[in-house]
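In: Task: produce atomic coordinates for the following.
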Amino acid sequence: IGQRTLGLAVWGNKGATIVRWEPSRQPVSPYLQTGVVVSLTQSATGLAFAAFHREEATHTAVDLELEARAGNDPFVRSGFATRLSEARQHGLARAVGEAPSQRHQVTVNAFSAPVFDARGDMVIALSTTCRADMLEPDWDGAVPRALCEAARMLSARLGHQAPASH
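Out: This is a model prediction of the structure:
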């Protein structure tokens, strides 16, 4: 996917957990660490799990996070529902930065694609994050397309057979 920071995450006992980062020549941030549990409602990686992982595994964690962020604010919940719907429609999740994030100290854009096993269960999120000025937020851009293709290839290696498209 070119010179972009790439991360792998799995569903751990506390949620979506980064298990590997492969920084680019221009890393987005020195704060990318393995073992970090990412936000399910604000990060592309977390949103990928919320959209594609088993709902019984993610539902409670998503509700707790939304409650902690905004209580019962319907705008926060509807905004999250929209982002979830978009991720499912496009087959990958994205987070488009509007301001410097607390973790990275710079504005970032990120995409995350699900990797499925032979049973059709999401087992890995393959994610990329980059300074916003170096990664266009377009769903159909070269980077998200390459990320989806890499996720499809990994899924196939794990025995996943994608449904036939019409």
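In: Please, where are all the strands along the protein?
Out: Per DSSP state E, the chain carries strands over the ranges 5-12, 15-22, 93-96, 108-116, 122-131.
In: Only the buried residues of the helix or strand of the chain with the lowest mean pLDDT, if you could.
Out: When the helices and strands of the chain are scored by mean pLDDT, DSSP states H and E, helix 55-70 comes last with a mean of 88. Neighbour counts using 16 or more other C-beta atoms under 10 Å place Thr58, Ala61, Val62, Glu65, Leu66 of helix 55-70 among the buried residues. For every residue, glycine as well, the C-beta is placed using N, CA and C.
In: One more: stretch 20-29?
Out: In stretch 20-29, counting by 16+ other C-beta under 10 Å, buried: Trp21, Ser24, Pro27, Val28, Ser29.
In: so where's this structure shaky on pLDDT?
Out: Flagging of the chain using pLDDT under 70 yields the residue ranges 1-2, 31, 71-72, 98-104, 164-166.
In: Name the residue closest to the centre of it, please.
Out: For the chain, Thr45 is the residue whose C-alpha lies nearest the centre (C-alpha atoms, centre = their mean; 2.2 Å).
In: Would you check that that residue makes contact with Ser112?
Out: Yes - contact criterion C-beta atoms under 8 Å: Thr45 and Ser112 qualify, at 4.6 Å.
In: Which neighbours do those two have in common?
Out: Shared contacts of Thr45 and Ser112 (C-beta atoms under 8 Å, 6 or more residues apart in numbering): Ala9, Ala93, Ala125, Ser127.
In: Include distance to Glu136 and neighbour count when you put those into CSV, please.
Out: Formatted as CSV, those follow (distance: C-beta to C-beta, whole Å; neighbours: other C-beta atoms under 10 Å):
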residue, distance to Glu136, neighbour count
Ala9, 23, 28
Ala93, 16, 28
Ala125, 20, 31
Ser127, 16, 31
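In: Next, the contact list for the nearest residue to Ala50 once chain neighbours are set aside, please.
Out: Nearest residue to Ala50, sequence neighbours excluded (C-beta to C-beta, 6 or more residues apart in numbering): Leu40, at 4.9 Å. Leu40 makes contact with Gly15, Ala16, Gly46, Leu47, Phe49, Ala50, Thr58, Ala61, Val62, Glu65, according to C-beta under 8 Å, 6+ apart.
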